[in-house]
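Asker: Give the three-dimensional model of this entry:
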Amino acid sequence: MKKKSKEQKPWFKVPLNYEQKPNEKIDLIGFLFNCRGLLLQQQIAENNTLVFNTLETRNSDKGKAPPNLDQLRLFIAPATDKRILKVTNLQEMESYKAYEPILSTIKSGTVEIQPIPESLSQFWLYCKCRVTGKLSKWFNSGFVWENKAVCNAGVHICEIDHLRFWIHRIPDHIIAKIPDAILKPELIKPVPRPFPDPPPFERLDPAVVGQTQAVNIFDTKSAKMKRQEITAQLPKLGSEIKQQLASGNLNTIRESIVNNYTLFHPWFCLWPWWWPYFYRCKELAVVKTDANGRFDTSITYSCFGDKPDIYIRVEYFINGEWTTVYKPPIPCHTYWNYACGTNINITITDPRVPGDCCCNCPIGGDLVFLRTISHHTSVRHIQQTDHFQSPPNQATAYNRIGLTDAGATGDPGILESVVGDYKRPFGGKPSFYMGFGSDLPNTGIYHYRWSYRQLRSADLSAVADSFKPLIPSRR
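Answerer: This is a model prediction of the structure:
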């Protein structure tokens, strides 16, 4: 007599129910992974039931029997955010607050699991939030500062995930260092230079930076004095928080960090090596700024708990590729409990970003001209001919050809530019921002060829040279 096979059937279904039923209907999706973390299948729940067929899976070994139940991992999450359909690995799955039940027994093709816990399902209802703002950048033309809009920039809008969902994954030795750093802030070392962009509430008007720095040009404060200034600005902690941190119990310390997450941001901001452990963000939208530098879009966030914590980073199309031009530290520059619909105004400081926002204004004729060079320096602000002039209070004159009188953001008083005082050299690799007329031939033309010739040597003596093609640095 033939024995009945005990092999698992290739398909099975999983009935779904809640520990506490939500007030609104939530569309659910299930992701089936194998024990190595490879995605096998994703299915939308119908009538509160997931149905999987392990013979119709991706990343599975052809010709082999379907995996046993104990070799599978199931994740259940809301399908409200359609970007979840693009999830392909466990790391991406984490940001959707999915429920992973234990798959233990199967009976007549049905796998019974525990109900979806309320501690997770309460975060599965989503609300909409309007995120709007403006990008701008300060430019100096002679004696005048002008705040110009930054257009055609890519604005990445991200939400900071709540620490509670991964606090227990942070290694013990990292958690153990928190109490000393917070209870003994005098040991905190400032963030090394170059400093990140200051938080929104600490930014200075560049028009008065020169006046401010002219008072004290040199930074003569000792490391001890700097630490004292930093610790004096940190928030005061209550006795209960201090007791929790000093308890030596890692679970108590973890709970205190979660409960006082917002309070601890100033400390975390001072320790860059902590940022990857305590801050994770999920990208919600990418939008472009218009000719006025503005961006405006709607995002979804969990209705439960606080308002969304919004973090912004910015890219700009430079030399043929999208390049990050604004990515400040998360703990210092996140808009915590963002009030939906309020403006997020960001000042860009990257010297490669132009400030000419006539984005869609055509230039008439068959013209080709140079808009700006490097730090957005107009050609008319570069000395084109030999001009010998001595510095202030000096008798020796030197040739100013090739130098510029354009100002630079953040100069102290002694370095402030004066129109006609050509004293700044160009360093590194200059960038050229071009203007092309709308009447230029463009049928099948995608590139323009550059040529150059050397006019002067290093000591500014004349050089006889012919035009040579400029070889591109990247193809």
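Asker: Compute the first-to-last residue distance for stretch 287-302.
Answerer: End-to-end distance for stretch 287-302, by CA to CA, to the nearest Å: 21 Å.
Asker: Name the residues of it that are buried.
Answerer: For stretch 287-302, the neighbour count (16 or more other CB atoms under 10 Å) marks 287, 289-290, 293-295, 299-302 as buried. C-beta coordinates here come from the backbone N, C-alpha and C atoms, glycine included.
Asker: what's that stretch in contact with?
Answerer: With contact meaning CB atoms under 8 Å, 6 or more residues apart in numbering, stretch 287-302 is reached by 80-81, 97, 123-136, 148-155, 157, 159, 284-285, 307-308, 357-360.
Asker: Among the residues you listed, name the buried ones.
Answerer: Buried members of those, scored by 16+ other CB under 10 Å, are 80-81, 97, 123-124, 126, 129, 131, 133-136, 148-155, 157, 159, 284-285, 308, 357.
Asker: Surely Gln114 touches Leu103?
Answerer: No. Gln114 is beyond contact range of Leu103, at 10.7 Å (criterion: CB atoms under 8 Å).
Asker: Can you give me the end-to-end span of stretch 265-283?
Answerer: With CA to CA applied, stretch 265-283 spans 21 Å between its terminal residues.
Asker: do the same with stretch 384-393
Answerer: End-to-end distance of stretch 384-393 (CA to CA): 25 Å.
Asker: so Ser136, which of the three states?
Answerer: Following DSSP: H, G, I helix; E, B strand; the rest coil, we place Ser136 in the strand state.
Asker: what residues are up against it?
Answerer: So Ser136 contacts 147-150, 293, 345-348 (CB under 8 Å, 6+ apart).
Asker: Keep only those of these that are in helices.
Answerer: When the contacts of Ser136 are checked against helices (DSSP state H), there are no matches.
Asker: Tell me the helix or strand right after the helix or strand where Phe75 lies.
Answerer: Secondary structure from DSSP states H and E places Phe75 in strand 72-78. With elements assigned by DSSP H and E, the helix or strand that comes after strand 72-78 is helix 90-94.
Asker: Output that following helix as CSV - backbone C-alpha positions only.
Answerer: Listed next in CSV are the C-alpha coordinates belonging to helix 90-94 (Å, rounded to 0.1, in the frame of the first residue of the first chain):
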residue,chain,number,x,y,z
LEU,A,90,13.9,43.2,3.8
GLN,A,91,15.7,46.5,4.3
GLU,A,92,13.0,48.3,2.2
MET,A,93,10.3,46.4,4.1
GLU,A,94,11.4,47.9,7.4
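Asker: Need the worst-confidence member of the buried residues of stretch 287-302.
Answerer: In terms of pLDDT, the lowest of those is Ser302, showing 82.
Asker: ok so, going back, check which helices and strands the strand holding Phe75 sits against.
Answerer: When contacts are defined as 3 or more CB pairs under 8 Å, 6 or more residues apart in numbering; DSSP states H and E, strand 72-78 packs onto strand 28-34.
Asker: which helices and strands sit right next to the strand it packs on?
Answerer: Helices and strands touching strand 28-34, by 3+ CB pairs under 8 Å, 6+ apart, are strand 39-44, strand 49-53, strand 72-78.
Asker: Average pLDDT for it, rounded please.
Answerer: Averaging pLDDT along strand 28-34 gives 94.
Asker: between that strand and strand 49-53, how big is the angle?
Answerer: Counting by axes from the mean of the first three to the mean of the last three CA atoms, to 10 degrees, strand 28-34 lies at 30 degrees to strand 49-53.
Asker: Nearest to Gln71 among the contacts of Ser136?
Answerer: Taking CB to CB as the measure, Gln71 lies nearest Ile346 of the contacts of Ser136, at 48.1 Å.
Asker: Give me the distance between that closest one and Ala462.
Answerer: Taking CB to CB, to the nearest Å as the measure, Ile346 falls 47 Å from Ala462.
Asker: quick one: which of those two has more around it?
Answerer: More crowded of Ile346 and Ala462, by other CB atoms under 10 Å: Ile346, with 25 against 9.
Asker: Just confirm the more buried one contacts Thr132, I think it does.
Answerer: No. Judged on CB under 8 Å, Ile346 makes no contact with Thr132 at a distance of 11.9 Å.
Asker: Distance of the residue nearest to Arg456 when sequence neighbours are not counted relative to Thr49?
Answerer: Once flanking residues are discounted, Arg456 sits nearest to Val463: 6.0 Å by CB to CB, 6 or more residues apart in numbering. Between Val463 and Thr49 the computed distance is 80 Å (CB to CB).
Asker: same question, Trp450
Answerer: With CB to CB as the criterion, Trp450 and Thr49 are 64 Å apart.
Asker: circling back: closest one to Gly30 out of the contacts of Ser136, please.
Answerer: Distance to Gly30 across the contacts of Ser136 (CB to CB) is lowest for Ile346, with 39.2 Å.
Asker: which residues does the closest one contact?
Answerer: By CB under 8 Å, 6+ apart, the contact set of Ile346 is 133-136, 312, 314, 326.
Asker: one more time with 7 Å
Answerer: 133, 135, 312, 314, 326 (CB atoms under 7 Å, 6 or more residues apart in numbering).
Asker: if I look at it, how far off is Ala149?
Answerer: Ile346 sits 11 Å away from Ala149, going by CB to CB.
Asker: Same check on Ile318?
Answerer: For Ile318 relative to Ala149 (CB to CB), the value is 18 Å.
Asker: where does this protein have low pLDDT?
Answerer: Applying pLDDT under 70 to the chain flags the ranges 1-10, 57-67, 141-144, 185-232, 305, 356-363, 374-376, 406-418, 427-430, 472-475.
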